[in-house]
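Novice: I would like the atomic coordinates for the input below:
(chains A and B)
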Number of protein chains: 2
Amino acid sequence: MENAMPETPPASPRQQDAPYVPTARTVPTRSRERASYDRELVHSVLDEGYVCHLGFLRDGAPVVLPTLYARVGECLYIHGSTGSRPLRAAGEADPGIPVCLTVTHVDGLVLARSAFHHSINYRSVVVHGTARQVTGADERRTALDAIVEQAVPGRSHDSRPANAKELAATAVVRLDLDEVSAKVRAGGPNDEPEDLSLPYWSGVVPLTRGYGAPVPSDDLDPAIALPDYLDRH
Amino acid sequence: MENAMPETPPASPRQQDAPYVPTARTVPTRSRERASYDRELVHSVLDEGYVCHLGFLRDGAPVVLPTLYARVGECLYIHGSTGSRPLRAAGEADPGIPVCLTVTHVDGLVLARSAFHHSINYRSVVVHGTARQVTGADERRTALDAIVEQAVPGRSHDSRPANAKELAATAVVRLDLDEVSAKVRAGGPNDEPEDLSLPYWSGVVPLTRGYGAPVPSDDLDPAIALPDYLDRH
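Specialist: Below you'll find the predicted structure:
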């Protein structure tokens, strides 16, 4: 057994590879075995999406709105009109506003013999934190490019960048990836042993997502070909 | 012009056909032309989905979690373990807890010549209200059947109903459709007139959703055929 010990200790994990540190609000009260703080898993779930559901408070009540986002390293960015309520609030409130940002991918319908054990396969990430307005010009540009790239990789360099007027009308908000958890359910139904002989079909119906053929604008110059980065769609 | 007036006034719209009444928090501060209170539209968006994002407060901060739901008339139902935080809170707090429930369908990526006008086509419904635990046995059964049916129409009658122990472990929460709005973006990009001659592809990439071939459980009796209600998948 001694031989199994490495002669030199493994290098300490770099901070960027270490898992997120669980906190009271990222440890679920149930299905704890489905929760993960693995940084790579969290990144992969975030990187596969581009629409999140952002929760914030308005007059003390919760509000949940869908919005585009991008991940850049350990930061998430969202954007919107400077007139939109949450973005305005994130700028006005000095230390930012408390938010919860959630990204969910539904992977399949899980059909058990019992109604009770029906479920879905999914991967989700929940980020708790403080949303703060980004004011630096460079970071704002980086964030806006990233939001376009998150939805359509390759597109940010193949469109007209925002001009001064457009930039002035756009609020950019950052949420650091600090208090973060992923939750994953995969695999087949968890039927009760006594239900296995019941005459009901049981299994998983996978969900698929994809892209239809791109539809050019009516006024698009026919000489402009479909760009390579859309051919994958 | 007089002839254009109907001889008898039209019948008053039945309440169930009337639009939802806008309130301060269902009138958006921007893109108001995309907001709708049309009951049929709201129902159609809700009926097309089965996963919502539920926002609630925990220790004064917003939390957003994905969960299954069902619509039954003018009520939405969600369920969960009696140990889950929001469901427990909805039962403990006497008049219920304030929630925001949002359902979103992403229909396409909208690529404009300018980065600024990039967008997505989507349909969303946002419901504000108070979530209350359902205690009546009949309403609980109706809700649980509906949650299974919402994801897999036809399934609730082809699985073992919940037994007493399972029912006791399941909390059911109702949210009435009262303070509700839909938001829809459709169509091509809104390019600036001066951008139309730029050499960038412009148009919409439609998103598609579907189902893969159902995967039976390893322990499924091979004599049990795929039910008709899954053949559509």
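Novice: what's the neighbour count on A:Thr135?
Specialist: The number of residues packed near A:Thr135 is 10, by other CB atoms under 10 Å in any protein chain shown. Just so you know, the C-beta spots here come from the backbone N, C-alpha and C atoms, and that holds for glycine as well.
Novice: Distance check, it against A:Gly129.
Specialist: 18 Å (CB to CB, to the nearest Å).
Novice: do A:Pro62 as well
Specialist: On the measure of CB to CB, A:Pro62 and A:Gly129 end up 16 Å apart.
Novice: Counting neighbours, go ahead and name the busier of the two.
Specialist: Taking other CB under 10 Å, A:Pro62 and A:Gly129 do not tie; A:Pro62 has more neighbours (24 against 19).
Novice: Helix or strand: which one has A:Asp138?
Specialist: Using DSSP states H and E, A:Asp138 falls within helix A:137-151.
Novice: list the helices and strands that helix packs on?
Specialist: For helix A:137-151, the contact count by 3 or more CB pairs under 8 Å, 6 or more residues apart in numbering or on different chains; DSSP states H and E identifies strand A:61-68, strand A:70-72, strand A:75-81, helix A:164-168, strand A:170-176 as packing neighbours.
Novice: Worst mean pLDDT across the helices and strands of chain A, which element?
Specialist: Ranked by mean pLDDT, DSSP states H and E, the weakest helix or strand in chain A is helix A:85-92, scoring a mean of 67.
Novice: buried stuff in the very next helix or strand once past it?
Specialist: Downstream of helix A:85-92, the next assigned helix or strand under DSSP H and E is strand A:97-111. Using 16 or more other CB atoms under 10 Å in any protein chain shown as the test for burial, strand A:97-111 gives A:97-111.
Novice: restrict the residues you listed to those near chain B?
Specialist: Among these, proximity to chain B is found for A:Pro98, A:Val99, A:Cys100, A:Leu101, A:Thr102, A:Thr104, A:Val106, A:Leu109, A:Leu111 (CB under 8 Å from any CB of the partner chain).
Novice: Hmm, the first one is touching A:Arg132, no?
Specialist: No - A:Pro98 is not in contact with A:Arg132 according to CB atoms under 8 Å; the separation is 11.1 Å.
Novice: Of the ones next to chain B among the buried residues of strand A:97-111, which pair is most distant in space?
Specialist: Maximum pairwise distance among those (CB to CB): 38.2 Å, between A:Pro98 and A:Leu111.
Novice: how near is the most centrally placed residue in chain A to A:Ser156?
Specialist: Most central in chain A under CA atoms, centre = their mean is A:Leu46, positioned 3.3 Å from the mean C-alpha point. Distance check for A:Leu46 against A:Ser156: by CB to CB, it reads 18 Å.
Novice: Verify the stated contact: the residue nearest to the centre of chain A with A:Val103.
Specialist: Yes - when contacts are counted by CB under 8 Å, A:Leu46 is listed as touching A:Val103 (5.7 Å).
Novice: Spell out which residues are contacts of both of these two.
Specialist: A:Tyr69, A:Val125 (CB atoms under 8 Å, 6 or more residues apart in numbering or on different chains).
Novice: Is any residue of the one helix or strand A:Ala131 maps to near chain B?
Specialist: Using DSSP H and E, A:Ala131 falls within strand A:119-133. Yes - among the residues of strand A:119-133, A:Ile120, A:Tyr122, A:Ser124, A:Val126, A:His128 lie within reach of chain B under CB under 8 Å from any CB.
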